[in-house]
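Undergrad: let me see the structure of the following:
(chains A and B)
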Amino acid sequence: MRVYAELAQEGNLTHLALVTTTDTMQIALEAKNLVKQYPEVLAVDDVSFAVQEGICFGLLGPNGAGKTTTVEIMEGVTPATRGEIWYYGTPAGKRFREEAGIQFQNTALQDYITVQETLQMFQSLYDRRADLNHIIEQCSLGALLDRDNRKLSGGQRQRLLLGVALVNRPRLVFLDEPTTGLDPQARRNFWDLVKNIRDEGTTVILTTHYMEEAEILCDEIAIMEAGKIIIQGRPNDLLHQHYKNVIIELPIAEFSGDLSSLEHRVLETQGVIEIETNNVNDTLRELASLTSGLNRMKIRQPNLEDLFLDLTGHSLRT
Amino acid sequence: MLKRIYAIFRARNLEFVRDRGSMSWNLILPVALMFGLSFIFSNERAEYTVGVLNADTSAVEHPFLDTRYIEFVAIDDRDDAVRKVARHQLDLLIDLGAQNQYWINPDSPKGYFVEFALLQSDEGIGGTISRSQIEGDAVRYVDWVLPGILGMNMMFSSLFGVGYVVVRYRKNGFLKRLRATPLRAFEFVAAQVASRLVLIFTFTTFVFVGTKYFLDTRVDGSYGLLLIILLLGAITLVSLGLLISARVTSEELAGGLLNLVTWPMMMLSGVWFSLEAASDWVRQLAAIFPLTHILNSARAVMLDGAGLIDILPELTTLAAMSVVFLTLGAVTFRWHPR
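TA: Presented below is the predicted three-dimensional model:
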């Protein structure tokens, strides 16, 4: 058994929470030394990781990091140049295909087919079957059942694709950038759906370049960069390991003095100065003499975006 | 397995049937062509046409050959020419060699006048030519062209309706999504073939029955044989469509490749006109196209009343082509772009 000390924020109170996990949890899926070599690019470079049953595992990284290729190798739709995928202790094969649900980043559905017919068609391809009524309710598709696939909005379409990924009552679901292109409200609704799926015991493997999404949904993450995993662990653990400080943000236009006089780590990104400090009161006093005002100031905890920036020197969105 | 094939089959059928534009076009094109051609070629051909056997080797220049307003055509294949006399496609056939004989269909009005002219001319050189009588109903152009139009429609429906759609599915990621299910390539291909077969059978039957009813098109042979030709021909063409689309990921390239195959078939397989007068190499080239064998066998059954034995070589060729196309298509099939 492992014990994690985890900081949790509730209102203005910060407290320690003890989180326990057990090593006896099953490994649902394991990537072993995956390599994908395209003629001109090494997309995946010796990637290995394991995903425990029942968690939401996030594979993060900027566009082109190799997330989608890694996940497609795991899904069995792209062959690896080298390496293996194991599913519940055996090489992934027929059983995996029957028990896995997949939502690709870009999937077209058949034209002129309704939402209900789409769900029924995909369900007929599996021996394992979920209760379609439950999926329809879970994904809020009830009002859309007779609608042609072509007439769905972005959010409705993503909900349908998630529903399609669930028609076989999967033990493991892959969600590849499922909220890309959705408006904020639709994205938040989708997060609720993913949480429900995980809470029902389904293992979720999520790829995203939205750090907020990963922090909210993922129990464990791996960050990829240039085809490699550069860090892996529980989001809070990783942040606690790397940061003891908070970050003060202030627009650069507010500064009138010399920033080099600050004895803190200072970073400028997109017109905003970020100052890392472990003593907010003292730093604010210092800043007061260097700025025209602190009205536009923000104080925040470091997040995964900061972690990625520190590890790679560039932003996740680039 | 059957459950998965049926699921894909049903979804594809629904997609096609609800696409009103595509469905209407599959019906309107052949019907419009048949009725249009029937109207355009409703008048009998104006000229008199006489086939001449042994025209080159004839020692005597028969005065009949100088008759005005008659087109004389040199003939090599006597049996074929006799069949044309029976169908009223030739008004008379004359052999000026040692046989000194002619063939006439007494039911042909134009044959009657041509025969009259021949006998007048022949009397001038001794009147020794002998008469053979052939019987048979006239084959109109619409009778001859009906298999061509149905075959052409079948060809476009099979090649574009399957090949183009598979490429579109591959390009937009639908095939990749199916790949992530337990569905196997064979099951997907089988569903596509079955779906297209049903649609082709339905549309072809509709047009066939319609033209039979309204234009009284000719069918001398067995309907059962025509059904076999229809199904085997459709399987061959659908298989060709699957082969062409097995790896292609661009709709533009697929369109180009499909046109590259369909246009030569349109021109050389005998859709609109007979290749009998074409040179040998053209006829040999035409033999590589499945549509040529479909049309040859269908015309043999419909116009000549041919039986299974007569068209067995054509059916065997189609079956062999199907096996080759399907095998190559399955081996080279790719679910999604690399």
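Undergrad: now the helices for the stretch 101-250 of chain A?
TA: For the stretch 101-250 of chain A, the helices defined by DSSP state H, counting those that start in this stretch occupy A:115-123, A:132-138, A:154-166, A:184-199, A:211-217, A:235-242.
Undergrad: B:Asp304: which of those helices is closest?
TA: helix A:115-123 (46.0 Å; C-beta to C-beta). Just so you know, the C-beta spots here come from the backbone N, C-alpha and C atoms, and that holds for glycine as well.
Undergrad: and the strands in the stretch 151-300 of chain A?
TA: A:172-176, A:203-208, A:220-225, A:228-233, A:246-251, A:265-269, A:272-277, A:298-300 (DSSP state E, counting those that start in this stretch).
Undergrad: would you mind naming what in the stretch 51-200 of chain B lies close to chain A?
TA: B:169, B:172-174, B:176-183 (C-beta under 8 Å from any C-beta of the partner chain).
Undergrad: looking at chain B, which residue lies furthest from center?
TA: Going by C-alpha atoms, centre = their mean, the residue of chain B most distant from its centre is B:Gly126, 45.5 Å out.
Undergrad: and that one, how far from B:Pro63?
TA: B:Gly126 sits 11 Å away from B:Pro63, going by C-beta to C-beta, to the nearest Å.
Undergrad: likewise for A:Leu141?
TA: According to C-beta to C-beta, A:Leu141 and B:Pro63 sit 88 Å apart.
Undergrad: if you count what's nearby, which of those two comes out ahead?
TA: Between A:Leu141 and B:Pro63, counted using other C-beta atoms under 10 Å in any protein chain shown, the more crowded position is A:Leu141 (22 against 14).
Undergrad: surely that one meets A:Gly163?
TA: Yes - the pair A:Leu141 / A:Gly163 is scored as a contact, 5.8 Å apart, by C-beta atoms under 8 Å.
Undergrad: how about the residues of chain A by chain B?
TA: Applying C-beta under 8 Å from any C-beta, we find that chain A lies next to chain B at A:75-77, A:94, A:97-98, A:100, A:102, A:104, A:106-113, A:117, A:120-122, A:124-127, A:164, A:168.
Undergrad: tell me the domain boundaries of the chain?
TA: Unless you meant another one, I'm taking chain A. As given by automatic domain parsing, the domain ranges for chain A are A:27-239, A:244-300.
Undergrad: that's the wrong chain, I wanted chain B
TA: As recorded under automatic domain parsing, the domains making up chain B are B:2-40+B:140-332, B:48-133.
Undergrad: ends of the first one, how far apart?
TA: Read that as domain B:2-40+B:140-332. With C-alpha to C-alpha, to the nearest Å as the measure, domain B:2-40+B:140-332 spans 23 Å from end to end.
Undergrad: low-confidence regions, chain B specifically.
TA: B:37-46, B:57-60, B:276-277, B:337-338 (pLDDT under 70).
Undergrad: specify the local secondary structure of the most centrally placed residue in it.
TA: The centre of chain B sits closest to B:Leu295, judged by C-alpha atoms, centre = their mean, with a distance of 2.6 Å. Judged by DSSP: H, G, I helix; E, B strand; the rest coil, the three-state class of B:Leu295 is helix.
Undergrad: which residues does it contact?
TA: B:147-148, B:151, B:269-271 (C-beta atoms under 8 Å, 6 or more residues apart in numbering or on different chains).
Undergrad: okay, now A:Pro39: neighbour count?
TA: Neighbours around A:Pro39, by other C-beta under 10 Å: 5.
Undergrad: would you mark the buried spots in the helix or strand hosting B:Phe72?
TA: Assigned by DSSP states H and E, B:Phe72 belongs to strand B:70-75. Using 16 or more other C-beta atoms under 10 Å in any protein chain shown as the test for burial, strand B:70-75 gives B:70, B:72, B:75.
Undergrad: go through these and name the one nearest chain A.
TA: When these are ranked by distance to chain A (C-beta to the nearest C-beta), B:Ile75 comes first, at 54.4 Å.
Undergrad: so who does the closest one touch?
TA: Residues counted as contacts of B:Ile75 (C-beta under 8 Å, 6+ apart) are B:51-53, B:55, B:81, B:93.
Undergrad: and which of the residues you listed is nearest to B:Pro290?
TA: B:Pro290 has its nearest neighbour among the contacts of B:Ile75 in B:Ala81, at 28.2 Å by C-beta to C-beta.
Undergrad: for B:Leu257, helix, strand, or coil?
TA: Per three-state DSSP, the secondary structure class of B:Leu257 is helix.
Undergrad: ok, it to chain A distance?
TA: 22 Å (C-beta to the nearest C-beta, to the nearest Å).
Undergrad: look up how far A:Glu225 lies from that residue.
TA: In this view, B:Leu257 and A:Glu225 are 41 Å apart by C-beta to C-beta.
Undergrad: again with B:Thr292
TA: B:Thr292 is 59 Å from A:Glu225, by C-beta to C-beta.
Undergrad: more crowded one of the two?
TA: Neighbours per residue (other C-beta under 10 Å) separate B:Thr292 from A:Glu225, with B:Thr292 holding more: 22 against 19.
Undergrad: and the more buried one, helix, strand or coil?
TA: Here B:Thr292 is recorded as helix under three-state DSSP.
Undergrad: all the helices of the stretch 1-150 of chain B, in order from the start?
TA: For the stretch 1-150 of chain B, the helices defined by DSSP H, counting those that start in this stretch occupy B:2-18, B:20-40, B:78-86, B:109-123, B:141-158.
Undergrad: cheers, nothing more for now.
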